[in-house]
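Enquirer: quick check, what structure comes out for this input:
(chains A, B, C, D, E and F)
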4 protein chains.
Amino acid sequence: MEINRKQAVLEAARKSLSLFGYKGTTMDQVARMAGVSKGSIYSFFASKEELFDEIMQETISEMQLALQEAADTDQSVFESLHRVLFRVLEFREQHELLAKLYNEMKEVGTPAAREAVVRIEDQILFFVERQIQYAIDTGKMKPCDPKVTAFLFLKFYVGLVYEWGQRNTPLDNESISHLFQFYFGKGLAPVQPV
Amino acid sequence: MEINRKQAVLEAARKSLSLFGYKGTTMDQVARMAGVSKGSIYSFFASKEELFDEIMQETISEMQLALQEAADTDQSVFESLHRVLFRVLEFREQHELLAKLYNEMKEVGTPAAREAVVRIEDQILFFVERQIQYAIDTGKMKPCDPKVTAFLFLKFYVGLVYEWGQRNTPLDNESISHLFQFYFGKGLAPVQPV
Amino acid sequence: MEINRKQAVLEAARKSLSLFGYKGTTMDQVARMAGVSKGSIYSFFASKEELFDEIMQETISEMQLALQEAADTDQSVFESLHRVLFRVLEFREQHELLAKLYNEMKEVGTPAAREAVVRIEDQILFFVERQIQYAIDTGKMKPCDPKVTAFLFLKFYVGLVYEWGQRNTPLDNESISHLFQFYFGKGLAPVQPV
Amino acid sequence: MEINRKQAVLEAARKSLSLFGYKGTTMDQVARMAGVSKGSIYSFFASKEELFDEIMQETISEMQLALQEAADTDQSVFESLHRVLFRVLEFREQHELLAKLYNEMKEVGTPAAREAVVRIEDQILFFVERQIQYAIDTGKMKPCDPKVTAFLFLKFYVGLVYEWGQRNTPLDNESISHLFQFYFGKGLAPVQPV
DNA sequence: GATGAATGAGGGTTCATTCAT
DNA sequence: TATGAATGAACCCTCATTCAT
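Expert: Sure thing, here's the model as predicted:
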């Protein structure tokens, strides 16, 4: 039973963090959302900060594992790239959470937590960057700055996947894949530009 | 003299909000930064919330005005589009502030303030959307969903302008303009795809 | 078996009280030190307060018994006096504990517990007082206020026995006895003892 | 007005500490006793600990100053000794407070505060010790261990002055002086004083 | 009007006590 | 019966808001 209760706390905290941020999340609220008492939270986590550190570490570990898996299988460039970005899709909420906390934590976070957020972002970016570089080298992509391109790929994905869905009909994964190919692959200029 | 004092408060509050967010901003800090007493703030604004509502309204008004100006002058489609997006660039910080507060305010903000943030985003998006629709209709752009495209344009801009600069060498406006044309105009696919 | 468990709790509680005081002693700590569960403590004692009341009562009973024994045996005045004070020596720690709790309990203690502490002190003092009065009456001691003298005897003993040892090399019982005779014996003995 | 309020807080805190100890003293209680709000305390002192550090430092400074004054004036041994001990009398409550906190602080106190308590006790003892040593050297006192004797003098005084009065009719300073001379004076004086 | 000292509700945390197992 | 996970009242501290000067 303990594991479920701890998980419930983590779940509630994750949700509250996404909705209200670090300062906006009170232990009372987390306790209420998790259906446990305030005191119980402190039997699992020594402090509010440690609770949120654990959420970060957990999220980061999951993402790292996913990236590793995606990177390990050797396949064609575009497939690999898609796989990685789709992996990121699956972590849409976690990613959003990290980004949010990253911003708020500039002020209050532990150095360790902030480091971790920067690291995971960097890892994703670096992985995408390598795929792009390889695509360029093998002539599958026009020459471009791989760092900037990787950054924009990520923005594009997170935007479509997470933010678009907040105020419009969410897009399914296939649509997102098509849009990705449409905008980045072909460009918007008409074939015979005026 | 009163107007200057009120402006100083607004300026200080805007700065503190950008740096520390809503909860991280204390009235003491705003008073100190503005060089006025805490009591004075309350002679201008009934509450912390009202102060920040006013900042939002002000920001939104400025952005609306800028958009209006950009929209009013009748010019070729791409120029108009660029002008609008460049206008948005000039409000990079305000925009970031709005986004930040929008997230944090989900909890504490007045409904009015939250409405306002949504509205301004919608206005920008709608304006860009119309430009895109017009470009499509006149054959200057490949057929595409104008709503999604407008959304991605904005993400792209905000990403390059604000977020890229947070951890890399910031890009000047010209570079951003070139990158915009490069990615969206031509696409990344090589001319003779393999 | 139950008796042993209860005794273990009492022992642990007494130790923790000596070291950390009433507020500094947690039920968790007592349970850990006694090697029983927290719940078990509550099967023996209705509350933290009752547990410590019982420690007081127990300590007081032991001291009363010792005093009674010392008082019952009829011997010469000085011997009797010494025996009583040496009895008190043997309870040095309990006595210290009582004094400590007495002070801290002013706030939280039950009236009964506080009464008890006052009573035991009074009993000791009264016993010593009688010995002194008898010594005066039989010309073995210079006339003096027996109440004040009893009080000072006790201070003297507790000071030498408990407090001196906290920051200096502790004195053995014989040394203390000598010092007692040295300071009080000679000072109070008449020039021509009867 | 501020000074009075701060003084009121110090006064209330000192009182509460004497009555209930460190843990038994709540900031709410101090605020109530001082007639100020809880928040006000924190405008004078950064934390509960700092408040009590200040009380200790203050007490210690006063006692040091008093000792210095008493020590500086050069007079006959007994007079000087009395003056010092009477000085100590005047600080009866502070002294009691220090001793109490010293015990409780073993667990929770800052190292600085604990150091300070030990230091002041040592200073008093050392001063008395020197007086005694001098008295022995000049034949005004029987040979004895000056350290132990100093310790007992202090116990004697504090006992008579502070503790006796808690449960009996308090003694005035003159009575105490007489008792001191009666118990220690005669006992220690050589039969044929020089 | 301008000031900032004063207030107290609310947040994080601890721990005596309870109760399902 | 014995356990210790769970509870929540109460503690220390912060900060938006008020009001005497």
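Enquirer: okay, CA-based contacts and neighbour counts for the rest of this
Expert: Fine.
Enquirer: residue A:186: neighbour count?
Expert: Per other CA atoms under 10 Å in any protein chain shown, the neighbour tally for residue A:186 reads 21.
Enquirer: cool, and residue A:5?
Expert: Residue A:5, neighbours per other CA under 10 Å, totals 16.
Enquirer: quick one: it and residue A:25, what's the gap?
Expert: 19 Å (CA to CA, to the nearest Å).
Enquirer: what does the domain assignment say about chain A?
Expert: Chain A is divided into the following domains under automatic domain parsing: A:1-45, A:48-186.
Enquirer: any chance of TSV for these, columns mean pLDDT and distance to residue D:144?
Expert: Formatted as TSV, the domains of chain A follow (pLDDT from 0 to 100; distance: least, CA to CA, whole Å):
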stretch	mean pLDDT	distance to residue D:144
domain A:1-45	88	59
domain A:48-186	76	60
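Enquirer: of all those domains, which lies closest to residue C:62?
Expert: The closest of the domains of chain A to residue C:62 is domain A:1-45. By CA to CA, the value is 40.5 Å.
Enquirer: is any residue of the closest one near DNA strand E?
Expert: Yes. Applying CA under 7 Å from any atom of the strand, one finds domain A:1-45 touching DNA strand E at A:23, A:25-28, A:38-40, A:42.
Enquirer: measure residue A:6 to chain B for me?
Expert: 25 Å (CA to the nearest CA, to the nearest Å).
Enquirer: count of neighbours near that residue?
Expert: Neighbours of residue A:6 (other CA under 10 Å): 18.
Enquirer: who touches it in this structure?
Expert: A:41, A:44 (CA atoms under 8 Å, 6 or more residues apart in numbering or on different chains).
Enquirer: how about the host helix or strand of it as CSV, C-alpha atoms only?
Expert: Under the criterion of DSSP states H and E, residue A:6 resides in helix A:2-24. Extracted in CSV, the C-alpha atoms of helix A:2-24 (Å, rounded to 0.1, in the frame of the first residue of the first chain):
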residue,chain,number,x,y,z
GLU,A,2,2.9,2.3,0.7
ILE,A,3,4.1,2.3,-2.8
ASN,A,4,0.7,3.3,-4.1
ARG,A,5,0.5,6.1,-1.6
LYS,A,6,3.9,7.4,-2.5
GLN,A,7,3.0,7.2,-6.2
ALA,A,8,-0.2,9.0,-5.5
VAL,A,9,1.8,11.8,-3.9
LEU,A,10,4.2,11.9,-6.8
GLU,A,11,1.3,12.0,-9.2
ALA,A,12,-0.5,14.7,-7.4
ALA,A,13,2.7,16.8,-7.0
ARG,A,14,3.5,16.4,-10.7
LYS,A,15,0.0,17.5,-11.6
SER,A,16,0.1,20.5,-9.2
LEU,A,17,3.5,21.5,-10.4
SER,A,18,2.3,21.5,-14.0
LEU,A,19,-0.8,23.5,-13.1
PHE,A,20,0.5,26.0,-10.5
GLY,A,21,4.3,25.8,-10.5
TYR,A,22,6.6,25.3,-7.5
LYS,A,23,5.5,28.2,-5.3
GLY,A,24,1.9,27.9,-6.3
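Enquirer: wait, residue A:156 touches residue B:155, no?
Expert: Yes. If you go by CA atoms under 8 Å, residue A:156 and residue B:155 touch, sitting 7.1 Å apart.
Enquirer: so if I had to pick from those two, which one is more boxed in?
Expert: Between residue A:156 and residue B:155, counted using other CA under 10 Å, residue A:156 has the larger neighbour count: 23 against 19.
Enquirer: tell me where chain A has helices.
Expert: A:2-24, A:27-34, A:38-44, A:48-72, A:77-90, A:92-108, A:111-137, A:146-158, A:164-167, A:173-180 (DSSP state H).
Enquirer: residues contacting the last one, please?
Expert: Same thing as helix A:173-180. A:82, A:156-157, A:160-161.
Enquirer: nearest to residue B:147, of the residues you listed?
Expert: residue A:160 (11.7 Å).
Enquirer: list the contacts for the closest one?
Expert: A:171, A:176, B:152.
Enquirer: tally of neighbours for the first one?
Expert: Spelled out, it's residue A:171. 14.
Enquirer: so it sits against residue A:159, correct?
Expert: No. Contact criterion CA under 8 Å: residue A:171 and residue A:159 do not qualify, at 11.0 Å.
Enquirer: what sits against residue A:126?
Expert: Applying CA under 8 Å, 6+ apart, the residues near residue A:126 are A:147, A:150.
Enquirer: which of the residues of domain A:1-45 next to DNA strand E are buried?
Expert: Neighbour-count burial (16 or more other CA atoms under 10 Å in any protein chain shown) applied to the residues of domain A:1-45 next to DNA strand E gives A:23, A:25-27, A:38.
Enquirer: near DNA strand F too, which of those residues?
Expert: residue A:38.
Enquirer: and chain A, which of its residues are near chain D?
Expert: Taking CA under 8 Å from any CA of the partner chain as the criterion, chain D has no neighbours within chain A.
Enquirer: show me which residues of chain A are close to DNA strand F?
Expert: Near DNA strand F, when you scan chain A using CA under 7 Å from any atom of the strand, you find A:1-2, A:5, A:35-40, A:43.
Enquirer: of these, which is the nearest to chain C?
Expert: Nearest to chain C, judged by CA to the nearest CA, of the residues of chain A next to DNA strand F is residue A:43 at 13.3 Å.
Enquirer: next one: the closest one from residue D:147, what distance?
Expert: Residue A:43 is 51 Å from residue D:147, by CA to CA.
Enquirer: neighbour count for the two, which is higher?
Expert: Under the criterion of other CA under 10 Å, the comparison of residue A:43 against residue D:147 puts residue D:147 first, with 17 against 10.
Enquirer: nearest spatial neighbour of that one, chain-adjacent residues omitted?
Expert: Once flanking residues are discounted, residue D:147 sits nearest to residue D:129: 5.7 Å by CA to CA, 6 or more residues apart in numbering or on different chains.
Enquirer: rewinding a little: tell me the two of the buried ones among the residues of domain A:1-45 next to DNA strand E that are most distant?
Expert: Going by CA to CA, the pair spanning those furthest: A:23 and A:38, at 16.6 Å.
Enquirer: in chain A, which residue sits closest to DNA strand F?
Expert: residue A:39 (3.1 Å; CA to the nearest atom of the strand).
Enquirer: residue A:86 and residue D:21, how far apart?
Expert: Applying CA to CA to residue A:86 and residue D:21 gives a distance of 62 Å.
Enquirer: who has more neighbours out of the two?
Expert: residue D:21 (25 against 18).
Enquirer: how far away is the residue of chain A closest to DNA strand F from residue A:31?
Expert: Residue A:39 is 8 Å from residue A:31, by CA to CA.
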